[in-house]
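> pasting the structure only:
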């Protein structure tokens, strides 16, 4: 009986360790921009879990996704630069957003980040007039 108990305990420890690594997989979010709106307009993510967000711009104008102040431990992005898209002072902002991706019309880009603080954060498009036209939303970090 004792000979069987030790291997069973080891197997349960290994399974527990493996199931923990599955939780560390990134949360995948796809955001679409269309008709001066973000779809979805509300995003829920988990503090400490990496988020991989793809933004698809199916509109006929350039858009971006910006959060001015956002506590995070890492960020990386993969998108083509958008001509004429300068951040300093655009869209009524006095400083550059901490979390940002710009996507030209008909293109897509990817942003990967790990939020570190629970809270509710407003995101919006900094292109002049877009936020005022309703291009904004909320990211909830739980």
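Arrived safely. Please read all numbers here as calculations on a predicted model, not as lab measurements. Numbering: from 1, shown residues only.
> distance of residue 68 relative to residue 25?
Between residue 68 and residue 25 the distance, using C-beta to C-beta, to the nearest Å, works out to 28 Å. Placement of C-beta: from N, CA and C, glycine included.
> ignore what I typed, I meant residue 44.
Using C-beta to C-beta, we find residue 44 at a distance of 16 Å from residue 25.
> need the strands for the chain, in chain order.
27-34, 37-39, 42-45, 51-57, 63-67, 72-78, 99-103, 108-115, 119-124, 136-141 (DSSP state E).
> and the third one, what's buried?
Within strand 42-45, the residues that qualify as buried are 43, 45, counting by 16 or more other C-beta atoms under 10 Å.
> thinking again about what came up before, and the strands of the chain as TSV, adding distance to residue 130 and mean pLDDT?
TSV is the format used below for these (distance: least, C-beta to C-beta, whole Å; pLDDT from 0 to 100):
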stretch	distance to residue 130	mean pLDDT
strand 27-34	9	96
strand 37-39	10	97
strand 42-45	18	98
strand 51-57	12	97
strand 63-67	7	95
strand 72-78	20	82
strand 99-103	12	93
strand 108-115	17	95
strand 119-124	8	98
strand 136-141	9	98
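> residues near residue 29, how many?
When neighbours are counted by other C-beta atoms under 10 Å, residue 29 registers 16.
> correction: the previous question concerned residue 126.
Other residues lying near residue 126 total 24 when counted by other C-beta under 10 Å.
> pretty sure it is touching residue 66, no?
Yes. Contact criterion C-beta atoms under 8 Å: residue 126 and residue 66 qualify, at 5.0 Å.
> list the contacts of residue 140.
Residue 140 makes contact with 42, 43, 44, 45, 119, 120, 121, according to C-beta atoms under 8 Å, 6 or more residues apart in numbering.
> residue contacts, the third one?
I take that to be residue 44. Contacts for residue 44 (C-beta under 8 Å, 6+ apart) come out as 139, 140, 142.
> nice, that's everything, thank you.
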